[in-house]
Structures are given as C-alpha cells and as structure tokens.
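**Q** Show me how the following folds:
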Amino acid sequence: CWDTGLEIGSSVRTVAECISEAEQDITVRTSLLESRLICGKKSLFKEFESIYEKNLDPKAFFQAKLAEQIQRHYKYQDTPYSLEPNCKESPGGLRDLQVISWVSKAAHLGASFKDLNIAGLITQRELTELNRNQRFIETLRANLHLLAGRRQDVLVFDLQTQLAESFGLTSENGTRASEKIMKQYYWAAKAVTQLNEILLQNIEAILFPKESRITRPVSEHFVERQGLLDIVDPNLFEKHPNQILRAFLLYTKTPGVKGFSAQILRGLYNARNLMNAQWRNQTENREYFMEIVRQ
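**A** Take a look at the predicted model:
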C-alpha cells in the first residue's frame, strides 16, 4: 500500500481495545462499523463484530454523525455551489452519501441504498438517483486523482477543463467544457444534499419517535406537525403544482414553523420538473412569488 502511495492508518489492537477506542472517537467508531475480514481468524472477527454491535448505540451514533456533518458543512460555507468545491467533503459530496449509509447501518435499517428502498425509506426513483449521482461523483473524484497524479478532492480551476475532457465534453457554441462538467456536478451535489436531508429526517423519526401531538391545521392542504410544515397529501405538488410556492409562502408566514417535513422535501424534489416556463408564467404563481419576496 505504501509503495503505491496509498495513505493508510494501521494498528494492532485487541477486541477490548477496539471497543475502548470506538467509545472515545466517533471516527474510529465509524471505521469499525465498516470493518470486514480480509484474512485471518474468522472466529475472532465474528467475536469482534458481535461485541462491537452490542456496544454501539444507534441514537448516540446518529447524533454524533449529524453534529459532525453540520460542522463539516459549515467549514465549506454550507453550500454545494462553491466555485472550487470539494467533491468528497463539501455539502452534496460523497461524504453526505456515506453518512446516510453509516447511520442506516448503525440503526439496522440496511447496509445499502437498496436495503433502504426495500425498507420503504426511499422510493425507486430516489434509489436510482442516489446510485447515479454516487457513480458520477466517484468517477469525477477518481479522474481528479489521475489528472493530478495524487490525491485531489477539490475541483480546482486548473483541472476543470481537463476533467471535462476526460468525460468526453468539449467547448462549443460559446460554452466551455469546464462549465459543462461543473453544471453536471452542481446538479448531482444538489440532489445529494436534498436526499441526504430527507433520509436523515426519516431515520431520525424512526430512532427518536416523538409522542403524538395534535397537528395544527395551517390551510386546506398544509398542517404544522412538531414545528415542521407538512402536507396532508404526499402527492399534493404533483396534483396541484401551484401549491409548491404556496408551501414557501406559508413557511415564511406561519409562527412556530422552523422547517419543512421530510414529506414536503420529498414532494418538492419529485415535482421539481413541473416548474417550467408555463408554470412560472401563471398569474397565481407570480403572485405567490411576489408575496414571498415581500416577507
């Protein structure tokens, strides 16, 4: 590994030492969650797996990874749209996909996106998009490494054109190849950011079931539930696209609402293609938009 330039962190520990280190450091706890037998004594590895699982608190793990993600996003300006984003650590990067896998595995909800689909936590469409975006960003990162001749996670200006060409993109009609690859990256990062938020909310609801409260009606289609704006019908935005902007208007005007529910986020994500020129030119939507600006 060292001869090929691969950075590794190696150590020799007993099972008890592994558990002790994991209790003190969330990074170690995460690494051990992904452990797998390469060679050696199978019975010892099984013993380690069993003891590690018994000592892993899914709720504490979720809270630690969520806090870690919030800090990481803050470090990268809380946006996937940096001019030179880090395709691994920035919001919408590979780390956001890994966080989903880690917390779902710790919570025994599945070890893959396919498992989450089977468990009903994500739709088939979301599964397809997660897999597609993961493949794209992984390929992007691998090509960055090859072009730089070393580990390189930041899409620096100097490599963006070469990176685009490695994907077969060329400059044409006044649009540079670098602009095309960055547009593809921003679309993928935006989707990952949204799906990360939806899934973490759903997993949090499973790990921390709150006592049922009386929902407060906000309008015909919207309610406030535990401080989040929610929709009565999961397919509201696809049935009534004019309610998309209505959701944002109610969010700004309703006291006590601090965010959108996972159901609204998913509904907005699935209905995003409905926001076309015809939708934008509708009088009702234009009025909603201006009213949002006035808030």
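**Q** The most centrally placed residue in the chain is in what secondary structure piece?
**A** Centroid-nearest residue in the chain, with C-alpha atoms, centre = their mean: residue 196, separated by 2.4 Å. Per DSSP states H and E: residue 196 is located in helix 177-207.
**Q** Note down every partner strand of the following helix or strand past that helix and its orientation.
**A** The first helix or strand that comes after helix 177-207 along the chain, using DSSP H and E, is strand 216-217. Take DSSP bridges as the rule and strand 216-217 pairs in its sheet with strand 222-225 (antiparallel).
**Q** So which residues of the protein form strands?
**A** Secondary structure of the chain by DSSP state E: the strands cover 216-217, 222-225, 228-231, 259-260.
**Q** Pick the most deeply packed of those.
**A** Among the strands of the chain, strand 228-231 has the highest mean neighbour count (mean count of other C-beta atoms under 10 Å), at a mean of 21. (Each C-beta comes from the backbone N, C-alpha and C, glycine too.)
**Q** The residue nearest to the centre of the chain against residue 98, yeah?
**A** No. In this structure, residue 196 is not within contact of residue 98 by C-beta atoms under 8 Å, at 10.1 Å.
**Q** Not counting its own residues, what contacts stretch 125-143?
**A** With C-beta atoms under 8 Å, 6 or more residues apart in numbering as the test, stretch 125-143 has contacts from 87-88, 93-94, 97, 113-114, 116-117, 122, 153, 155, 163, 166-167, 181, 184-185, 188-189, 191-192, 195, 198, 266, 269-270.
**Q** any idea of the mean pLDDT for it?
**A** Mean per-residue pLDDT for stretch 125-143: 95.
**Q** Can you tell me how far residue 242 is from residue 235?
**A** Distance from residue 242 to residue 235, counting by C-beta to C-beta, to the nearest Å: 14 Å.
**Q** Which of these two has more residues huddled nearby?
**A** Higher neighbour count among residue 242 and residue 235: residue 242, with 15 against 11, using other C-beta atoms under 10 Å.
**Q** what's the closest non-adjacent residue to that one?
**A** Distances taken as C-beta to C-beta, 6 or more residues apart in numbering place residue 284 nearest to residue 242, at 5.2 Å, with adjacent residues excluded.
**Q** Pull the number of nearby residues for that neighbour.
**A** 10.
**Q** what's the pLDDT at it?
**A** In this model, residue 284 is scored at 95, pLDDT.
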